[in-house]
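K.L.:
Below is the sequence, then the predicted model.
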Amino acid sequence: MVKFDAKLLKKDFPIFQNKKNLVYLDNAATTQKPRSVIQSMVDFYENYNSNVHRSIHELGETSTCFFENSREIIAKFLNAENEEIIFTSGTTEGVNFIADAWARQNIEKNDYIVTTQVEHHANFLPWLRICKNSGAKLKFLELDKDTFFIKLPEANFWSDKIKLVSISASSNVLGEIWKENQLENIISAAHDIGALVLLDASQLAPYKKIDVKKLNIDFLVLSGHKMLGPTGIGILYINKSLHNKVEPYKVGGSMVQAASFNDVIWKEAPYKFEAGTPAISQAIGLGAAVKYLNENVDFKEFEKHTAYLSSMLIDGLLKIKDMKIWGNIEQIKKSGHLVSFSLPDIHAHDISGFLGGLNISVRSGHHCAQPLANMLNLQSSVRASFYIYNTVQDVEIFLDKLNETVNFFRK
Ligand code: PMP
């Protein structure tokens, strides 16, 4: 069995050696990179830099081999087939891909797209634009403002006018938003009325083992940089039964089987969906990141660890006068990895700015989920989020420095 030891893992991350006192709690924005990921990209540029799927010289064959090997590692990680894994630049591009290459052709006036009230702009604005352009309408799964779980929709919510359900597996502001099997139930309710389902897994995939077959999902998107990989690379999973129903998002080199002056035949997926020179070193880096997770992280143990850190953090936060925590406290303590909070008398930017000066990295703002922030009347919150290298000591230092910050502003 893979052991899980955050203190030991921290040693694999050069940034923590180079910045000795850094307490990095901004993992929901992006994670740090282990040496093996950085080295995999250095290796590519130093030893076999070459384009992929074109040149049959030795370097070209080697880079193609490493690039495709990455796809295979990621496919296994998600329990997908290799051809179902499409490299994108990240979650944002993945959602825009499906909006442009599937929804634009298939969503008509008076159709509905369903999403939730808690989405990141990346899984909201593409659908708002599709609706504005087509005359279709958005329909929202609502948030229960007391429990911070998505409410169970009434039976009459569902109709065959709903063509797509595009939802987050986990919120970047509130953490877990689905009670028990509710996500699975929404996926099957959507399928029952013939809708397709897209899952924004950018906040879930780094923390929980996802099985796309078990989830029975049509599209899934994630960002590599939130799970130890480099920026500029992400994954779009398209269930192979839909490969012929989704158009290429981009057209150009590398994805053509035959082209003439007046026609074209695409290659099979995944190549049909990957026009142009891809982000080769980043794809290789993401493969190395997933390999690192496979070899070093028992996800069950990891969940217990982040839940323990989250509990500690919440207990410490609640000792501060007028502290408000945004999210289901019980659920976060049970299995969370992210805590958003605010104080009525100190702006979140003041808190994170002050903490930044004390070597502590947390995020503040509306977290690119402005409709949610407006609905909650929450101008700005501070978010602390954990990853595999965070320790009990990080939480102790954070709480200590947060108290110092609060005392500074309240004195
Ligand atoms: N969805 C969610 C839930 C996110 O947290 C983020 C990143 N904060 C995104 C989408 C967008 O990801 P990216 O910027 O990597 O494309």
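P.N.:
Ah, there it is.
K.L.:
Quick one: distance of the longest helix seen in the chain to the chain centre.
P.N.:
Longest helix of the chain, by residue count under DSSP state H: helix 58-78. Taking C-alpha atoms, centre = their mean, to the nearest Å, one finds the center of helix 58-78 at 22 Å from the center of the full chain.
K.L.:
Kindly report the same for stretch 92-103.
P.N.:
Distance, stretch centre to chain centre, for stretch 92-103: 15 Å (C-alpha atoms, centre = their mean).
K.L.:
residues in contact with it?
P.N.:
Stretch 92-103 has contacts (C-beta atoms under 8 Å, 6 or more residues apart in numbering) with 86, 88, 113, 122-123, 126-127, 129-130, 163-164, 166, 196, 198, 200, 219, 221-223, 234-236, 242, 245-249, 273. Every C-beta, even on glycine, is put in place using the N, C-alpha and C of the backbone.
K.L.:
Let's see which of those end up in strands.
P.N.:
86, 88, 113, 163-164, 166, 196, 198, 200, 219, 221-223, 234-236 (DSSP state E).
K.L.:
Where does the prediction get shaky in this protein?
P.N.:
Along the chain, the model assigns pLDDT under 70 to residues 1-2.
K.L.:
ok, the residue most central in space within it - contacts?
P.N.:
Residue closest to the average C-alpha location in the chain (C-alpha atoms, centre = their mean): residue 202, at 1.0 Å. Applying C-beta under 8 Å, 6+ apart to residue 202 gives the contacts 90-91, 120, 122, 168, 172, 221-223, 226, 234.
K.L.:
Got the phi and psi for the closest residue in space to it that isn't next to it in sequence?
P.N.:
Nearest residue to residue 202, sequence neighbours excluded (C-beta to C-beta, 6 or more residues apart in numbering): residue 91, at 4.2 Å. When read as degrees, to the nearest 10, the backbone of residue 91 gives phi -60, psi -40.
K.L.:
give the contact list for residue 91.
P.N.:
Per C-beta under 8 Å, 6+ apart, neighbours of residue 91: 120, 122-123, 200, 202, 221-223, 234.
K.L.:
ok, and of the residues you listed, which contact the ligand?
P.N.:
By C-beta under 6 Å from any ligand atom, the members of the contacts of residue 91 lying near the ligand are 120, 122-123, 200, 202, 223.
K.L.:
which two in these are spaced the farthest apart?
P.N.:
The span of those, defined through C-beta to C-beta, is set by 123 and 223 at 11.8 Å.
K.L.:
ok, the two, which is more surrounded?
P.N.:
Counted by other C-beta atoms under 10 Å, residue 123 and residue 223 do not tie: residue 223 has more neighbours, with 29 against 25.
K.L.:
I'd guessed the more buried one sits against residue 234; true?
P.N.:
Yes: using C-beta atoms under 8 Å, residue 223 is in contact with residue 234, at 4.6 Å.
K.L.:
Return every residue with contacts to both of those two.
P.N.:
Going by C-beta under 8 Å, 6+ apart, residues that sit against residue 223 and also against residue 234 are 90-91, 202.
K.L.:
now these as CSV including distance to residue 12?
P.N.:
Output for these, formatted as CSV (distance: C-beta to C-beta, whole Å):
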residue, distance to residue 12
90, 24
91, 25
202, 23
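K.L.:
check contacts around residue 68.
P.N.:
52, 82.
K.L.:
The ligand contacts on the stretch 151-300 of the chain?
P.N.:
So far as C-beta under 6 Å from any ligand atom goes, the stretch 151-300 of the chain lies against the ligand at 168, 172, 200, 202-203, 223.
K.L.:
element containing the residue nearest to residue 259 when sequence neighbours are not counted, please.
P.N.:
In this structure, residue 259 finds its nearest non-sequential neighbour in residue 265, 7.6 Å apart by C-beta to C-beta, 6+ apart. Secondary structure from DSSP states H and E places residue 265 in strand 264-266.
K.L.:
where do the strands sit along the stretch 1-150 of the chain?
P.N.:
Using DSSP state E, counting those that start in this stretch, the strands found in the stretch 1-150 of the chain span residues 23-24, 85-88, 112-116, 137-141.
K.L.:
Any chance you could list what contacts the first one?
P.N.:
Strand 23-24 is touched from outside by 15-16, 32, 359-361, 389-390, 394, 397-398, 401, with contacts defined as C-beta under 8 Å, 6+ apart.
K.L.:
List the strands paired with that strand, with their directions.
P.N.:
strand 360-361 (parallel) (DSSP bridges).
K.L.:
Counting by contacts, list what the next helix-or-strand element following the strand it pairs with packs against.
P.N.:
Next helix or strand after strand 360-361 toward the C-terminus (DSSP H and E): strand 363-365. When contacts are defined as 3 or more C-beta pairs under 8 Å, 6 or more residues apart in numbering; DSSP states H and E, strand 363-365 packs onto helix 348-356, strand 381-385.
K.L.:
isn't residue 373 right up against residue 383?
P.N.:
No: under the criterion of C-beta under 8 Å, residue 373 makes no contact with residue 383, lying 11.8 Å away.
K.L.:
quick revisit: please identify which two of the residues of the stretch 151-300 of the chain next to the ligand are farthest apart in space.
P.N.:
Counting by C-beta to C-beta, the most remote pair of these is 168 and 223, 12.6 Å apart.
K.L.:
that older thread, from the ones in strands among the contacts of stretch 92-103, which two are the most distant?
P.N.:
163 and 223 (25.5 Å).
K.L.:
Can you tell me the closest non-neighbouring residue to residue 90?
P.N.:
With C-beta to C-beta, 6+ apart as the criterion, residue 90 has its nearest non-adjacent residue at 3.7 Å, and that residue is residue 234.
K.L.:
cool, residue 240 as well?
P.N.:
Looking at residue 240 with C-beta to C-beta, 6+ apart, the closest residue is residue 84, at 5.4 Å.
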